[in-house]
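Engineer: Fold the following, please.
(one chain, ligands or ions: 1)
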Amino acid sequence: MLLIKKIKKTFNRTNVLSNLTLEVKDGELVHIEGSNGSGKSTLFKLITGLLQPDTGTITMDTADVVGALIENPGFLEFESALTNLRFLGNSNHRFDEKRTTELMKQFELDPKNSQAVSKYSIGMRQKLGIIQAVMENQNVILLDEPTRGLDTASIDQFIELLQKLKTENKIVIVASHDHIDGIHYDKTLSLKNGKLVE
Ligand SMILES: Nc1ncnc2c1ncn2[C@@H]1O[C@H](COP(=O)(O)OP(=O)(O)OP(=O)(O)O)[C@@H](O)[C@H]1O
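Structural biologist: This next block holds a predicted model:
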């Protein structure tokens with residue numbers, strides 16, 4: 001379970017998150033909707049530990065591993081997709097070649113493609129960003145604007161992935177500024193004035 005209790009985050013006296021509370025149970029798929037600048041990325045950075053809250057607490061189970069797609073993920077531009085994913089997975093000692101190549105095939109990326117990532121389209125890079133967030137069997141998954149740049153077939157592949165993650169009992173939080181057709185969330189919350197409202 002992920003439990004966020006009364007967190008506050010201020011940047012240069014601007015209050016971005018104030019008294020934000022959220023509880024997500026294992027197997028829940030949650031949508032956080034919010035306009036540009038409402039604080040979605042900030043919330044995700046706090047959950048991953050990239051940022052620290054001014055006050056409040058974020059707790060999860062000790063064995064939980066967070067996977068995240070936040071903003072534009074960085075890659076080794078002159079290496080292939082699989083080399084990049086292997087590099088990221090090996091850095092955490094959690095690389096699972098079988099799961100990773102299956103995910104690539106599910107998103108119609110060829111694991112044998114030796115083309116450098118610098119030559120990839122925006123949508124192809126986005127798919128790599130999604131894959132790296134789930135390929136290590138992470139169980140708290142944060143996806144910021146995951147369908148950005150994806151065509152309709154790829155969005156369908158993404159929806160299939162969300163269904164699979166649910167059967168694996170993962171916590172998944174999708175942040176986006178708009179509604180994505182075809183995704184059935186357990187809960188949709190709006191991020192407004194630093195708080196989550198139903
Ligand atoms: N490191 C930082 N220093 C100062 N201000 C910041 C920092 N990070 C974010 N902010 C500010 O916090 C607010 C929320 O930003 P954030 O990126 O979390 O919004 P968002 O909801 O993810 O927006 P978008 O949908 O445009 O990606 C913005 O006003 C932004 O300028």
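
Engineer: State the mean pLDDT of the lengthiest helix in the chain.
Structural biologist: Longest helix in the chain, counting residues (DSSP state H): helix 152-167. Taken as a whole, helix 152-167 has a mean pLDDT of 96.

Engineer: Which strands or helices does it pack on?
Structural biologist: strand 29-33, helix 97-106, helix 122-134, strand 171-176 (3 or more CB pairs under 8 Å, 6 or more residues apart in numbering; DSSP states H and E). The C-beta positions use only the backbone N, C-alpha and C, and glycine is treated the same way.

Engineer: Highest mean neighbour count out of the ones you listed?
Structural biologist: Most buried of the helices and strands packed on helix 152-167, by mean neighbour count (mean count of other CB atoms under 10 Å): strand 171-176, with a mean of 23.

Engineer: Listing partners with orientation, what would you give for the helix or strand following that one?
Structural biologist: On the C-terminal side of strand 171-176, the nearest following helix or strand under DSSP states H and E is strand 187-192. Partners of strand 187-192 in the sheet, by DSSP bridges, are strand 29-33 (parallel), strand 195-197 (antiparallel).

Engineer: how far out from the middle of the chain is the last one?
Structural biologist: So that's strand 195-197. Put simply, strand 195-197 sits 19 Å off its chain's centre (CA atoms, centre = their mean, to the nearest Å).

Engineer: contacting residues around it?
Structural biologist: 17-22, 32, 189-190 (CB atoms under 8 Å, 6 or more residues apart in numbering).

Engineer: hang on, the earlier thing: minimum distance to residue 121: which of the strands paired with strand 187-192 has it?
Structural biologist: strand 29-33 (26.2 Å; CB to CB).

Engineer: Can you pull the residues of the protein lying near the ligand?
Structural biologist: Taking CB under 6 Å from any ligand atom as the contact definition, the chain meets the ligand at 11-12, 16, 34, 36-42, 177.

Engineer: about what we covered before: reformat the helices and strands packed on helix 152-167 as CSV; add mean pLDDT.
Structural biologist: CSV is the format used below for the helices and strands packed on helix 152-167 (pLDDT from 0 to 100):
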stretch, mean pLDDT
strand 29-33, 97
helix 97-106, 95
helix 122-134, 96
strand 171-176, 96
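
Engineer: Between these, which one is closest to residue 48.
Structural biologist: Shortest distance between residue 48 and the helices and strands packed on helix 152-167, using CB to CB, is found for helix 122-134: 10.5 Å.

Engineer: And the residue nearest the centre of this structure?
Structural biologist: residue 143 (2.3 Å; CA atoms, centre = their mean).

Engineer: Could you measure from that residue over to residue 80?
Structural biologist: 23 Å (CB to CB, to the nearest Å).

Engineer: Same check on residue 3?
Structural biologist: 39 Å.

Engineer: Give me the more crowded residue out of those two.
Structural biologist: residue 80 (18 against 14; other CB atoms under 10 Å).

Engineer: How about residues contacting the least confident helix or strand in the chain by mean pLDDT?
Structural biologist: Lowest mean confidence among the helices and strands of the chain (mean pLDDT, DSSP states H and E): helix 81-91, at a mean of 90. Outside helix 81-91, the residues within contact range by CB under 8 Å, 6+ apart are 75-76, 79, 95-97, 100-101, 104, 109, 111-113, 115, 117, 120, 124, 128, 131-132, 135-136.
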